[in-house]
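Participant: just need the structure, nothing else, for what follows:
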Amino acid sequence: MMQAQSKPSWLEDGNGGMGGGGGGISGSSHEDTSHVPLTSSSGIGQVEGMQQVSEDVLSRARYVHWGLRIVTMLLCVLMFVTACLGLGSVNGVDKSGKVFVAVYMLFFASLLFCFEAVQIQQIEWVEHMLRRNFGFLYSMMGKAFFIIFIAFLSLGLGDPANLSLATGLTLACFGAGELALLLKYPEFFEDAVISKLNIKK
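Facilitator: Below you'll find the predicted structure:
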């Protein structure tokens, strides 16, 4: 005679059965998901707050960068004019040293103006050349120190005296102001902010 076989354990009601509400597969999955809320009003509020702050920083940083760019380009024009007038005032061999100062001023003014212009309208080969040879301009601190350096060139030009003095002092104050702005509001010059500003140009 054949002996009656017992039912498989998975058919029996109990903790391991499919129909049971205890520790089976369905029970464990229900238990795991019940502890993880799908939505949370407080979490959504925190995310929206972070996005609001981020947009606020981006908005203010955009105005700061455009303001600095426009002022820098205007100062480059002023320095270029000062250098041209300085070259015109050279009338003897004894002032030949001022020729080199004026030529350097012309070159640096053109370089800085070109750098700022490329930030507005990108030209690939020009930007590649600038990054390879004048990479310090892409750092806010490097550019500020560069502006202070060319300010001393303007002060050393001498002729025309009033204009070269005014140009040098203005450049020096602007470079120092950029450094102060960088130290007070470093979040405006972070790589992530600059990257987003470039995308949203």
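
Participant: for stretch 79-93, buried residues please.
Facilitator: Residues 79, 80, 82, 83, 86, 87, 89 are the ones in stretch 79-93 that count as buried (16 or more other Cβ atoms under 10 Å). All C-beta atoms are positioned from the backbone trio N, CA, C, and that covers glycine.

Participant: which of the residues you listed sits closest to residue 173?
Facilitator: Lowest distance from residue 173 to the buried residues of stretch 79-93 (Cβ to Cβ) belongs to residue 79, with 13.8 Å.

Participant: in the protein, which helix or strand is least confident?
Facilitator: helix 25-34 (a mean of 45; mean pLDDT, DSSP states H and E).

Participant: re earlier: now secondary structure too, for the buried residues of stretch 79-93, in TSV please.
Facilitator: Formatted as TSV, the buried residues of stretch 79-93 follow (DSSP: H, G, I helix; E, B strand; the rest coil):
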residue	secondary structure
79	helix
80	helix
82	helix
83	helix
86	helix
87	helix
89	coil
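
Participant: out of those, flag the one nearest to residue 72.
Facilitator: Nearest to residue 72 among the buried residues of stretch 79-93, with distances taken as Cβ to Cβ, is residue 79, at 10.4 Å.

Participant: which residues in the protein form helices?
Facilitator: 25-34, 41-88, 96-120, 124-133, 140-157, 161-184, 191-199 (DSSP state H).

Participant: skip the chain neighbours and tell me the closest residue to residue 164.
Facilitator: Counting by Cβ to Cβ, 6 or more residues apart in numbering, residue 164 lies nearest to residue 157, which is 4.3 Å off, once chain neighbours are set aside.

Participant: list phi and psi for residue 121.
Facilitator: phi -120, psi 100 (degrees, to the nearest 10).

Participant: and residue 162, how many neighbours does it have?
Facilitator: 8 (other Cβ atoms under 10 Å).

Participant: kindly report the same for residue 58.
Facilitator: 15.

Participant: and residue 66, by the same measure?
Facilitator: 13.

Participant: distance of residue 87 relative to residue 102?
Facilitator: Separation of residue 87 from residue 102 (Cβ to Cβ, to the nearest Å): 5 Å.

Participant: do you know how far residue 73 is from residue 120?
Facilitator: 9 Å.

Participant: sorry, that was for residue 153
Facilitator: Between residue 153 and residue 120 the computed distance is 25 Å (Cβ to Cβ).

Participant: surely residue 169 meets residue 148?
Facilitator: No - Residue 169 sits out of contact with residue 148 when judged by Cβ atoms under 8 Å, with a separation of 11.3 Å.

Participant: between these two, which one's more packed in?
Facilitator: Neighbours per residue (other Cβ under 10 Å) separate residue 169 from residue 148, with residue 148 holding more: 18 against 13.
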